[in-house]
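Engineer: A structural model of the following input is requested.
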Amino acid sequence: MRVLVTGANGLLGRQVVRTLLDRGHDVRAMVRPATDLGNLDWPASVEIVRTDLRASGDLTGAFKGIDTLIHLAAAVQGGEDAQLAAAVVGTERLLGAMAATETRRLVFASSFSIYDWRVTRGELTEDSPVESAPDLYDRDGYAIAKLWQERVVRRASAEHGWDLVTLRPGFIWGCGNEYLACLGQRFGRFHLVIAPLARIPLTYVENCAEMFVLAAEDSRASGETFNVVDGTDVSAWRYLGDHLRSRGEQGIRIPIPYKLGYLGALLATFISKRLFSGKGKLPSLLVPCRFEARFKPIRSPNRKAREILNWRPRLDYAACLQRTYGMPRNIVGTDPIEAPITRHFSERVITDA
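Structural biologist: From the prediction side, this is the model:
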């Protein structure tokens, strides 16, 4: 199989390229013009296409001889306009070029961020509702960009009869992306851990990449949407503890119950609207809908991927920590502080606080 990978030099893209090569596929990697590839250690067999999806120029040549497109490119940083341009305008140009070629299969990287967290209760599955009309005040630029990007992909795929597989990863972690937004807020040595015992929807970058490659290979994935999470039973409190210990940091974790944090966000929003007539700009932590998207304690099973594709994450949590930090397995996951925290928070807090 010959595969074109966009965003190939990103955290996930680098691993997708490696996994494709390990499985014997031919890879064409699309990167931005100024990208430094010196540290990627790709073999000469990887074809490089340097282009900016937002700029004018013919992209059809990138699809020559390509069987499958794995579309990972999106902006995770920068202003809202930049994120929309990278995700939406860039995708429209890319798919416009694909429509003029013989490439028919598309594996697309969406995101957990597009779900409507305000109405989701208990368990998040592929059938949970997505945002219908998000507002920039309620949701951040990345979430809105990914929502519109998925709409563009689905519309183009339906119009051209493409074989589409949509994957929605949870929090992707690994070397270079260890401190996750779902952990809380850091103030120097102090870490506010919100919903400390909630099990967070983690997917280690290598496991996630293998799911993308499997989706490209397996015909059973055609037309399906999959949430991508490893299914590990890891709390925010435990993960942050492992992160701090592995880096030798003497951070102080402060547990904040989910309901208390959410009430704080509601209060901050109310005060902002009263004082600034709704025009004040609050940090994401204090915007209720964004707060829910980061911290809401909800179960996130990978049941559909297991049942349809027989996907099992190859690396367990201990192995992932070892690869990320070099932690010895005999100390991975130990947390002498989690037990007393558990005694002070009921099981209700974990599941539906």
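Engineer: mind listing the strands whatever helix or strand Ala29 lives in pairs with, and their directions?
Structural biologist: If you go by DSSP states H and E, Ala29 is part of strand 26-31. In the sheet, strand 26-31 lines up against strand 2-6 (parallel), strand 47-50 (parallel) (DSSP bridges).
Engineer: hmm, who's touching that strand?
Structural biologist: Residues outside strand 26-31 that contact it (C-beta atoms under 8 Å, 6 or more residues apart in numbering) are 1-9, 13, 17, 20-21, 37, 42, 45-51, 62, 66, 73. Where C-beta positions appear, they are placed from N, C-alpha and C, glycine not excepted.
Engineer: run the last query once more with 6 Å
Structural biologist: Under the contact criterion C-beta atoms under 6 Å, 6 or more residues apart in numbering, strand 26-31 has outside partners 2-6, 8-9, 17, 20, 46-50.
Engineer: same question for stretch 12-21.
Structural biologist: By C-beta under 6 Å, 6+ apart, the list of residues contacting stretch 12-21 reads 3, 5, 7-8, 27, 29, 72, 172, 205-206, 209-210, 212-213.
Engineer: one more: stretch 253-267?
Structural biologist: His191, Leu192, Val193, Ile194, Ala195, Pro196, Leu286, Pro288, Phe291, Pro297, Ile341, Ala353.
Engineer: hmm, try it at 7 Å
Structural biologist: With C-beta atoms under 7 Å, 6 or more residues apart in numbering as the test, stretch 253-267 has contacts from 184, 190-196, 198, 237, 240-241, 286-288, 291, 295, 297, 341, 345, 349, 353.
Engineer: buried only: go through the contacts of strand 26-31 for me.
Structural biologist: Neighbour counting by 16 or more other C-beta atoms under 10 Å classes Arg2, Val3, Leu4, Val5, Thr6, Ala8, Asn9, Val17, Leu20, Val46, Glu47, Val49 among the contacts of strand 26-31 as buried.
Engineer: what's opposite the last one in the beta bridge?
Structural biologist: The one in question is Val49. For Val49, the beta-bridge partners are Met30 (DSSP bridges).
Engineer: report the separation between it and Leu267.
Structural biologist: 50 Å (C-beta to C-beta, to the nearest Å).
Engineer: equivalent analysis for the first one, please.
Structural biologist: Distance from Arg2 to Leu267, counting by C-beta to C-beta: 55 Å.
Engineer: over to Gly241?
Structural biologist: Taken as C-beta to C-beta, the span from Gly241 to Leu267 is 29 Å.
Engineer: more neighbours: which of those two?
Structural biologist: Legend: neighbour count by other C-beta atoms under 10 Å for Gly241 and Leu267, higher for Gly241 (23 against 12).
Engineer: and that one, that's in a strand?
Structural biologist: No - counting by DSSP: H, G, I helix; E, B strand; the rest coil, Gly241 is not part of a strand but helix.
Engineer: and the strands in the protein?
Structural biologist: With DSSP state E as the criterion, the chain has strands at 2-6, 26-31, 47-50, 68-71, 105-109, 163-169, 171-173, 184-187, 190-194, 202-204, 225-228, 252-256.
Engineer: alright, that wraps it up for me.
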